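Enquirer: sequence first, then the predicted structure:
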Amino acid sequence: MTLANEELLTIYRHLHQFPELGLEEFKTHDYLLTIIQQLPQDYLQIKEVDALPTALLVKVSGKSHKRLIGYRTDIDALPVKEKTGLPFSSKIDGKMHACGHDIHMTVALGILSYFASNQPDTDLVFIFQPSEENHSGGMLLYQSGALDEWMPDEIYALHDNPQLPAGAICCLNGTLFAGTCEIHADFNGKSGHAAYPHNANDMVVAASAFVMQTQTVVSRNVDPIEGGVVTLGHLNAGDTGNVIAGHAHIDGTIRSLTQKNNWHMQQRVRAIAQGVALTYGCEVALELHQGGYLPVENDPDITADFISYMESQVDVNFIETKPAMTGEDFGYLISKIPGTMFWLGVDSPYSLHSEKMAPNTDAIVAGVSAITGYLKHRSAQQS
Ligand SMILES: CC(=O)N[C@@H](CCC[C@H](N)C(=O)O)C(=O)O
C-alpha cells in the first residue's frame with residue numbers, strides 16, 4: 001500500500017506537532033516505526049541501533065542484491081518556540097521542526113511505502129538518522145557500525161528549502177553545502193565595581209574585541225573568490241549595568257566550502273582568541289568543534305546521473321542551484337559513501353530555523369514522486 005497524499009499530510013502534521021531535539025527523538029522513532037510496521041512487510045527488514053536508540057534502518061529487498069542504494073532522512077528538531085500560527089503547531093513548548101525535518105521524514109515514508117509494495121530492482125536502505133542539528137548524528141551512526149552489514153554503495157538525501165518553489169528539486173554537481181565548525185568561547189577575568197575599572201578586568205570589553213576581530217577573518221584572511229562565514233550568534237556577559245563582568249560566553253559557527261579553508265579559518269579564530277586573552281590579561285577557553293559537519297561534496301558521476309534524470313522528467317521542476325553555507329552532517333556520510341544531496345523547495349517567506357517557517361506541503365507529494373522515480377531508475381540501472 002503506497003501512502004496516499006492525505007495520509008502523508010496527516011503524518012506530516014503529527015510529526016510537526018511533536019518535535020524532539022537531537023538524540024531525544026524517542027517518540028518520533030516510535031511513531032515512524034508504527035507507520036513502517038503498517039506497510040506491507042514482504043520486502044522489508046527493520047533494524048534498531050543499540051548505540052543510537054532513536055535511529056531506525058529499513059532495508060527493502062530488491063529483485064537483485066547486486067547493489068544497495070541508501071536514502072537518508074534526519075529526524076530531529078530545534079529549540080525554537082514556534083510562531084507560525086498553524087492549527088497543527090508544535091505542542092512541545094520551545095521545540096519546533098523549524099528546519100523542516102518533518103517534511104524530510106514524511107517524504108522518506110512516502111517513498112518507502114511505494115517500494116514496500118513495488119519491489120525495487122535492487123536493494124534499498126532507508127536511514128532514519130537522529131541529531132542532524134548537533135552531535136553529528138550521521139557520523140555517530142556510521143561510527144556505531146550499524147551500517148556495516150547494510151553499507152550502501154551510494155547514498156542520497158534531501159534538505160528542504162523555503163527560498164525555492166514548492167516541490168522543485170534543486171542540485172548542483174559539486175559542493176552543495178559548507179563544512180561548519182562550532183565556536184564556543186569562555187573569557188574569564190576579574191569582576192568588580194563599575195566605578196573602579198582599573199581594579200577589574202572587563203570581559204564585556206574582551207568579548208567585544210573578540211567579536212570585532214573575528215569579523216576580519218573572512219574579510220582579511222580568506223580568498224575572496226572562495227568566501228566563508230564567521231557568525232557569532234550568542235553572546236552572554238555580566239549581570240547588571242554597574243558591575244564589571246568577570247565572565248563572557250560566546251557561541252558561533254565557522255563555515256566554508258572547502259575543508260582546507262575551514263581549518264585555515266579555525267586557526268585564525270584560535271589566534272584571535274589567544275591575542276585577545278593576551279591583550280586584555282584574561283583567560284580564554286576556546287572550543288572549536290567540527291564533528292561530522294564536513295562540506296557536502298556531491299559525487300560527480302552519481303550527481304550527473306541524478307541531474308540528467310531530473311531534467312528529463314516533464315513533471316519535475318528541476319533547478320540547477322548554487323552552493324550554500326548551510327551545514328549538514330550528511331557531509332560526513334557522503335565523505336564515506338559516494339552520493340548526492342539536493343534541495344526540495346518548500347516555498348516559505350521565512351528562512352530555515354525561523355520560528356515562522358511554514359513549508360508549503362505541496363512539496364511532499366512532488367518530492368515523493370520525483371525521488372521515487374529516480375530511485376526506480378537508479379535501481380534498474382544497478383540491478
Ligand atoms: C541544515 C542546517 O541548518 N544545518 C545546520 C547544521 C548545524 C551545524 C553545526 N551545529 C554548527 O552550528 O556549525 C546549520 O546550522 O547549517
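Expert: Thanks, I have the structure now.

Enquirer: now for residue 283, how many residues are close by?
Expert: Residue 283 has 13 neighbours, counted by other Cβ atoms under 10 Å. In this view, the C-beta of every residue, glycine as well, is placed from N, C-alpha and C.

Enquirer: what do you get for residue 5?
Expert: 13.

Enquirer: which ones are touching it?
Expert: 364-365 (Cβ atoms under 8 Å, 6 or more residues apart in numbering).

Enquirer: now with 7 Å, please.
Expert: Residue 5 sits next to residue 365 when contact means Cβ atoms under 7 Å, 6 or more residues apart in numbering.

Enquirer: per-residue pLDDT, it?
Expert: In this prediction, residue 5 carries a pLDDT score of 96.

Enquirer: where does the closest residue to the ligand within the stretch 51-200 of the chain land in three-state SS?
Expert: Across the stretch 51-200 of the chain, no residue is closer to the ligand than residue 180, which sits at 3.4 Å (Cβ to the nearest ligand atom). Under DSSP: H, G, I helix; E, B strand; the rest coil, the three-state class of residue 180 is strand.

Enquirer: okay, and the beta partners of it?
Expert: residue 255 (DSSP bridges).

Enquirer: now the spatially most central residue of the chain. Its backbone dihedrals?
Expert: By Cα atoms, centre = their mean, the mean C-alpha position of the chain lies nearest to residue 328, the distance being 3.9 Å. Main-chain torsions, residue 328, degrees, to the nearest 10: phi -160, psi 130.

Enquirer: also residue 176?
Expert: Dihedral angles for residue 176 - degrees, to the nearest 10 - are phi -90, psi -50.

Enquirer: show me where pLDDT drops low in the stretch 101-250 of the chain?
Expert: The stretch 101-250 of the chain contains no residues with pLDDT under 70.

Enquirer: so which bits of it are right by the ligand?
Expert: Neighbours of the ligand within the stretch 101-250 of the chain, by Cβ under 6 Å from any ligand atom: 133-134, 159, 180, 182.

Enquirer: mind giving me the domain split of this protein?
Expert: 5-174+298-382, 178-289 (automatic domain parsing).

Enquirer: would you mind finding the most buried of those?
Expert: Sort those by mean neighbour count, taking mean count of other Cβ atoms under 10 Å, and domain 5-174+298-382 sits at the top with a mean of 20.

Enquirer: that one: how far from the chain's middle?
Expert: Distance, stretch centre to chain centre, for domain 5-174+298-382: 11 Å (Cα atoms, centre = their mean, to the nearest Å).

Enquirer: so residue 331 sits against residue 298, correct?
Expert: No. Counting by Cβ atoms under 7 Å, residue 298 is not a contact partner of residue 331; they are 10.6 Å apart.

Enquirer: show me the helices in the stretch 151-300 of the chain, by range?
Expert: Under the criterion DSSP state H, counting those that start in this stretch, helices of the stretch 151-300 of the chain are mapped to 203-216, 259-280, 300-312.

Enquirer: the second one near the ligand at all?
Expert: No. Where contact is defined by Cβ under 6 Å from any ligand atom, no part of helix 259-280 touches the ligand; the two come within 10.4 Å at best.

Enquirer: just the element for the residue lying closest to residue 147 once chain neighbours are set aside, please.
Expert: Closest residue to residue 147 apart from its sequence neighbours, by Cβ to Cβ, 6 or more residues apart in numbering: residue 141 at 6.7 Å. Residue 141 is located in helix 137-144, with elements delineated by DSSP states H and E.

Enquirer: swap in residue 377?
Expert: helix 362-382.

Enquirer: what does that helix rub up against?
Expert: For helix 362-382, using Cβ under 7 Å, 6+ apart, the contacting residues are 5, 8, 12, 62, 66-67, 69, 71, 103, 106-107, 110-111, 114, 120-122, 124, 158, 160, 166-167, 169, 306, 309-310, 313, 315-316, 344-346.

Enquirer: just stretch 123-132 next, same as before
Expert: 22-23, 25, 32, 52, 54-62, 65, 67-76, 101, 108, 112, 115, 137-138, 141, 150, 152, 328-329, 375, 379.

Enquirer: restricting to C-alpha, output it in CSV.
Expert: In CSV, the C-alpha atoms belonging to stretch 123-132 read as follows (Å, rounded to 0.1, in the frame of the first residue of the first chain):
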residue,chain,number,x,y,z
ASP,A,123,18.2,-3.4,-2.6
LEU,A,124,17.4,-0.1,-0.9
VAL,A,125,18.1,1.0,2.7
PHE,A,126,16.2,3.9,4.3
ILE,A,127,18.2,5.5,7.1
PHE,A,128,16.2,7.5,9.7
GLN,A,129,19.0,9.4,11.4
PRO,A,130,18.9,11.3,14.7
SER,A,131,20.6,14.6,15.6
GLU,A,132,21.5,16.4,12.4
